[in-house]
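S.K.: A structural model of the following input is requested.
(one chain, ligands or ions: 3)
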Amino acid sequence: MIVQVIVDVQAQQTDRLYDYRVPDEFVTIVRAGMRVIVPFGPRKVQGFVIRTSHTSTVPDDKLRAISDLTDLSPPLTDELLALSEWVRDHTVSYHISVLKSMLPAAMRAKYRKKLILKDDVMPDIPDQEQERIYGLMKDGEVADWDKWKKSASQDEQKQISAWISAGLVSVEPVVSTGETVKKLLHLCLIKEPHTDLESYAALEKRSPRQAEIVRALSAHDSKCLPVKELKAGSQMIRSLTEKGWVEKKEVSINRDPYSDRDFEKTHNRTLMPEQQEAFNRIVPAVHEARHEAFLIRGVTGSGKTEIYLQTIEQVLLKGKEAIMLVPEISLTPQMVTRFKERFGSRVAVLHSALSSGEKYDEWHRIRKGEVDVAVGARSAVFAPFEQIGIIIIDEEHEGSYKQEDNPRYHARDVALKRGELYNCPVILGSATPSLESYARAKKGVYTLIEMEKRVNDVQMPDVEIIDMKDELRSGNRSMFSEKLLEAMKQRIDKQEQIVLFLNRRGYSTFIMCRDCGFVAECPHCDISLTFHQSTNQLQCHYCGYHHTVPRQCPECTSESIRFFGTGTQKVEDELRQVLPDARVIRMDVDTTGKKGSHEKHLTAFGNHEADILLGTQMIAKGLDFPDITLVGVLAADSMLHLPDFRAGERTFQLLTQVSGRAGRHEKHGEVLVQTYTPDHYSIQDVVSHDYIGFFQKEMRMRKQAGYPPYYFLTLIHVSDESLDETVKATEAITRFLKEHLSDETKIYGPVASSIPRIKDRYRYQCMIKYKVEPKLTAVLQQVFVLFEGRLNKGGLQIAIDTNPNMML
Ligand code: ADP
Ligand code: ZN
Ligand code: ZN
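M.R.: Ligands and ions are numbered 1, 2, ... in the order given. Model prediction:
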């Protein structure tokens with residue numbers, strides 16, 4: 001018996017099937033979709049069995065046998081295997097990276113080297129030497145050579161290396177996966193920095209990395225963090241333990257994230273007329289097991305989720321399964337609860353906030369058929385069901401459905417493909433569909449369902465634009481307009497609630513010298529550093545570099561160096577000045593980094609423990625609290641001026657989403673949008689809740705400029721440590737594409753990326769614009785062949801992004 005295997009080696013030349021012989025003992029077990037361990041050159045690697053067969057073109061004496069099986073039943077179904085080939089071609093990725101991304105991270109292979117004493121040569125060694133060997137290698141074995149090396153002394157390392165070269169000790173590659181791990185080594189803080197400031201100051205001075213770990217632990221509620229997450233070496237841990245800061249602890253991880261909660265069963269609500277109509281149009285496709293794609297454009301609060309729930313119920317009644325995708329940030333406890341309440345324990349949740357063990361367990365419940373609904377973010381589109389009856393993508397316009405790393409797939413494309421394979425409907429839902437989807441629906445590729453009314457005829461909020469240039473002219477230098485301030489005061493008096501939204505992207509706080517204009521920049525990336533008040537540090541958001549805030553300008557030594565721009569922290573400070581009695585909850589990356597803190601903040605706000613919820617993107621979606629009657633948007637145009645053709649679309653979508661948080665129930669909602677660009681249609685059309693008006697204007701713009709959905713784009717990113725190499729490689733690619741693609745296709749490049757350097761690597765790109773280009777996948781694969789052997793982690797890198805979501 002022969003198996004054809006894709007091996008876990010990421011390179012163009014190894015991205016093909018390799019034949020292996022199956023030893024007799026495995027013959028009855030081995031099947032396509034299983035992971036196996038195979039010899040590959042001098043190493044052992046993990047591989048995926050794609051096919052089994054009885055013949056091979058490889059001569060018998062060249063054919064190697066598989067070493068072991070990782071699985072006893074295949075984690076990947078036949079359908080997922082077929083899908084993986086489609087994703088590979090569609091995204092121009094390595095097959096192995098697609099296969100790996102279909103499984104939870106816990107199932108990824110770990111490679112170790114094991115040292116074993118060779119018993120047969122031992123008798124020839126003098127006793128004294130033998131004792132030393134057994135002493136160093138406990139039980140004659142070192143389970144993990146790399147790990148052992150880190151804790152061993154130089155002498156010990158040299159000694160073992162010598163034995164290896166002398167052939168006394170053999171090195172064996174071991175491939176394993178961590179999926180059964182239920183306990184994790186944690187580091188726990190036993191002394192808080194503020195209780196021993198003196199030694200903490202010394203630590204910070206002498207071992208800043210160690211101080212960083214102490215800080216991280218101190219900031220965490222449980223005062224414990226997995227060693228892995230801390231990226232602390234054993235030396236560092238030893239030193240911190242000896243100094244009395246931390247201790248090691250095995251902490252077992254809770255594998256069912258929702259086991260401690262009871263969910264009360266909820267029942268179907270009587271649908272509103274628009275909901276009923278939508279439901280009636282979708283359900284036949286469920287019953288007839290027919291592939292049909294629906295686009296529901298329903299204003300915020302029109303009750304799309306209730307339609308999803310009732311449609312899923314129909315699917316379950318037929319004994320089939322449902323995949324429900326929601327964007328990472330709206331996968332809030334509120335959202336999960338709605339599904340758990342309706343479908344109980346038959347729901348698995350795949351969420352990035354789960355530990356990798358929890359994720360593995362949830363995934364396994366799907367694979368074993370213990371659940372029939374999977375709710376999750378992007379990667380849940382690969383949920384290993386075998387009888388899918390529907391796939392739903394809520395907020396289909398969301399950027400997070402696109403994976404920005406290899407394989408660069410879009411969950412929407414994968415969902416449509418799986419819907420085709422399973423003959424089942426796919427629903428895309430949004431208040432503000434992506435231009436691509438709405439255009440496709442207009443053309444009849446998707447069935448368009450529109451819902452203009454909110455449930456129970458709740459009115460859409462009143463949206464008003466405030467021109468901040470006028471405020472400035474009338475002498476108001478505050479970040480709050482007169483009108484917004486007044487409105488906030490009113491709401492607080494009436495004990496109603498306020499959401500203040502600040503888009504962080506593009507409007508971060510940076511440090512500038514007022515005298516010479518010096519701006520603090522990251523030494524490794526071409527980007528300015530962001531000021532963080534909580535740590536009084538400047539931080540690079542790309543590489544993590546940080547530095548204390550200078551007191552003087554490094555250029556001109558002036559002391560008028562201060563921070564500019566508007567960050568959430570700064571807004572919070574100003575709020576305290578203008579509304580000293582208001583209770584504020586701030587939600588941004590700084591306050592929600594810890595597990596569970598996101599939920600805690602929202603629950604507190606729901607319980608009226610605060611009047612104002614101030615936050616970034618993460619509060620734009622999914623919030624549904626009855627007493628929010630005012631939404632203030634502080635810098636509506638901060639996104640509008642990014643160098644990306646989707647800037648207008650994103651602005652409209654975001655403003656509509658945020659506005660949708662106001663007045664969702666009995667109380668009427670008001671939205672105040674502060675902007676310096678009051679006349680732009682991306683902002684104007686939010687006021688009139690006019691998606692279609694916006695769509696038409698934006699489409700005209702896209703047509704003129706030749707952007708999607710009129711054209712398709714593919715971006716090729718090239719990076720290297722040397723600027724010269726980066727440019728040369730990009731030039732070569734551009735030339736190659738011009739020669740091999742059709743004449744109608746336009747190729748732009750090489751151009752520097754909008755952030756031309758990140759982490760000391762230069763970045764260039766080349767853009768392909770086309771309408772029809774049947775040869776594209778093949779030609780792009782050739783690009784990798786062109787650079788065969790020259791691509792590596794530290795040096796030249798090429799990334800291909802078909803249908804890019806971000807142009808930056
Ligand atoms: P959307 O997903 O379109 O923003 P939701 O599904 O969240 O809207 O519905 C908005 C609110 O209306 C929610 O509080 C939901 O519980 C409620 N709701 C939805 N459908 C109905 C219905 N048919 N009858 C009563 N309330 C409903
Ligand atoms: Zn200066
Ligand atoms: Zn940096």
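
S.K.: where's Tyr438 relative to ligand 1, distance?
M.R.: 16 Å (C-beta to the nearest ligand atom, to the nearest Å). Backbone N, C-alpha and C define where each C-beta goes, glycine included.

S.K.: got a list of what that residue touches?
M.R.: Shown in contact with Tyr438 (C-beta atoms under 8 Å, 6 or more residues apart in numbering): Leu295, Arg297, Phe695.

S.K.: Check what pLDDT it gets.
M.R.: The model reports Tyr438 with a pLDDT of 98.

S.K.: Please name the spatially closest residue to Tyr770 (chain neighbours excluded).
M.R.: Distance criterion C-beta to C-beta, 6 or more residues apart in numbering; nearest residue to Tyr770, sequence neighbours excluded, is Thr745 at 4.1 Å.

S.K.: thinking the one you found is in contact with Ile768, fair?
M.R.: Yes. With contact defined as C-beta atoms under 8 Å, Thr745 reaches Ile768; the gap is 6.3 Å.

S.K.: and those two? which has more neighbours close in?
M.R.: Ile768 (25 against 21; other C-beta atoms under 10 Å).

S.K.: Adjacent strands (with direction) for the helix or strand the more buried one falls within?
M.R.: Assigned by DSSP states H and E, Ile768 belongs to strand 761-770. Paired strands of strand 761-770, with direction, are strand 712-720 (antiparallel), strand 746-758 (antiparallel) (DSSP bridges).

S.K.: Can you say which of the ones you listed is nearest to ligand 3?
M.R.: strand 746-758 (6.7 Å; C-beta to the ion).

S.K.: And for the closest one, what's in contact with it?
M.R.: Under C-beta under 8 Å, 6+ apart, the answer for strand 746-758 is 524-527, 542-543, 643, 706, 716-719, 727, 730-731, 733-734, 737-738, 741, 762-770, 807-808.

S.K.: from those, which would you call buried?
M.R.: 524-527, 543, 716-719, 727, 730, 733-734, 737, 741, 762-770, 807 (16 or more other C-beta atoms under 10 Å).

S.K.: What about the closest residue to ligand 2 within the stretch 101-250 of the chain, how many residues nearby?
M.R.: For the stretch 101-250 of the chain, the residue closest to ligand 2 is Pro208, as judged by C-beta to the ion, at 26.5 Å. Using other C-beta under 10 Å, Pro208 has 9 neighbouring residues.

S.K.: again, but for the one 10 residues further on
M.R.: By the other C-beta under 10 Å criterion, the neighbourhood of Ser218 contains 15 residues.

S.K.: Please list all residues in contact with it.
M.R.: Contacts of Ser218 by C-beta under 8 Å, 6+ apart are Leu189, Glu192, Pro193.

S.K.: Nearest residue to the last one in space, please, no chain neighbours.
M.R.: Nearest non-adjacent residue to Pro193, counting by C-beta to C-beta, 6+ apart: Tyr200, 4.1 Å away.

S.K.: again, but for the second one
M.R.: The shortest distance from Glu192 to any residue other than its chain neighbours is 5.9 Å, reached at Ser218 (C-beta to C-beta, 6+ apart).

S.K.: Tell me the predicted confidence for Thr509.
M.R.: Note on Thr509: pLDDT of 64.

S.K.: Kindly report the same for Glu179.
M.R.: For Glu179, pLDDT reads 59.

S.K.: In the chain, what helix or strand scores lowest on average pLDDT?
M.R.: Least confident helix or strand of the chain, by mean pLDDT, DSSP states H and E, is strand 561-564 with a mean of 71.

S.K.: Tell me where the stretch 701-808 of the chain is predicted with low confidence.
M.R.: Within the stretch 701-808 of the chain, the ranges that satisfy pLDDT under 70 run 808.

S.K.: again, but for the stretch 101-250 of the chain
M.R.: In the stretch 101-250 of the chain, residues with pLDDT under 70: 119-124, 138-140, 173, 177-184.

S.K.: How are the helices of it distributed by residue range?
M.R.: 127-136, 145-151, 154-166, 197-206, 208-219, 227-230, 234-242 (DSSP state H, counting those that start in this stretch).

S.K.: To ligand 3, which of the ones you listed lies closest?
M.R.: helix 208-219 (16.3 Å).

S.K.: What are the buried residues along that closest one?
M.R.: Gln210, Ala211, Glu212, Ile213, Val214, Ala216, Leu217.

S.K.: could these go into JSON lines alongside distance to Ala647?
M.R.: Converted to JSON lines, these look like this (distance: C-beta to C-beta, whole Å):
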{"residue": "Gln210", "distance to Ala647": "43"}
{"residue": "Ala211", "distance to Ala647": "40"}
{"residue": "Glu212", "distance to Ala647": "36"}
{"residue": "Ile213", "distance to Ala647": "39"}
{"residue": "Val214", "distance to Ala647": "41"}
{"residue": "Ala216", "distance to Ala647": "35"}
{"residue": "Leu217", "distance to Ala647": "40"}
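
S.K.: Let me know the closest of the residues you listed to ligand 1.
M.R.: Nearest to ligand 1 among the buried residues of helix 208-219, counting by C-beta to the nearest ligand atom, is Ala216 at 36.7 Å.

S.K.: Contacts only, for that closest one.
M.R.: Counted by C-beta under 8 Å, 6+ apart, Ala216 has contacts Leu225, Leu230.

S.K.: what ranges do the strands span in the stretch 351-500 of the chain?
M.R.: 373-376, 388-393, 426-430, 447-451, 462-467, 497-501 (DSSP state E, counting those that start in this stretch).

S.K.: quick one: average pLDDT of stretch 416-424?
M.R.: Mean predicted confidence for stretch 416-424 is 97.

S.K.: Show me what that stretch is in contact with.
M.R.: Residues contacting stretch 416-424 (C-beta under 8 Å, 6+ apart): 79, 82-83, 86, 285-286, 289-291, 293, 315, 320, 381, 387-391, 425-426.

S.K.: from the middle of its chain, how far away would it be?
M.R.: How far stretch 416-424 lies from its chain's middle: 25 Å, per C-alpha atoms, centre = their mean, to the nearest Å.

S.K.: if we can go back for a sec, redo the strands of the stretch 351-500 of the chain as a markdown table? Include mean neighbour count.
M.R.: Formatted as a markdown table, the strands of the stretch 351-500 of the chain follow (neighbours: other C-beta atoms under 10 Å):
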| stretch | mean neighbour count |
| --- | --- |
| strand 373-376 | 27 |
| strand 388-393 | 27 |
| strand 426-430 | 26 |
| strand 447-451 | 19 |
| strand 462-467 | 17 |
| strand 497-501 | 25 |
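
S.K.: Just the contacts of Tyr438: which are in strands?
M.R.: Judged by DSSP state E, strands contain the following of those: Leu295, Arg297.

S.K.: Can you pull the residues of the protein lying near ligand 3?
M.R.: Taking C-beta under 5 Å from the ion as the criterion, the chain approaches ligand 3 at residues Cys522, His524, Cys525, Cys540, Tyr542, Cys543, Tyr545.

S.K.: between these, which is closest to ligand 1?
M.R.: Tyr542 (34.0 Å).

S.K.: mind checking the backbone torsions on that closest one?
M.R.: phi -100, psi -40 (degrees, to the nearest 10).

S.K.: For Leu642, see how far away it is.
M.R.: Separation of Tyr542 from Leu642 (C-beta to C-beta, to the nearest Å): 15 Å.

S.K.: Thr535 now?
M.R.: 27 Å.

S.K.: Between the two, which has more neighbouring residues?
M.R.: Remark: of Thr535 and Leu642, Leu642 carries more neighbours, 17 against 14, as counted by other C-beta under 10 Å.

S.K.: so the more buried one sits in a helix?
M.R.: No. Using DSSP: H, G, I helix; E, B strand; the rest coil, the secondary structure at Leu642 is coil, not a helix.

S.K.: Would you mind naming what in the protein lies close to ligand 2?
M.R.: So the chain meets ligand 2 at Cys513, Asp515, Cys516, Phe518, Cys553, Glu555, Cys556, Ser558 (C-beta under 5 Å from the ion).

S.K.: make it 8 Å
M.R.: 513-518, 553-558, 560-561 (C-beta under 8 Å from the ion).

S.K.: Fine by me, thanks again.
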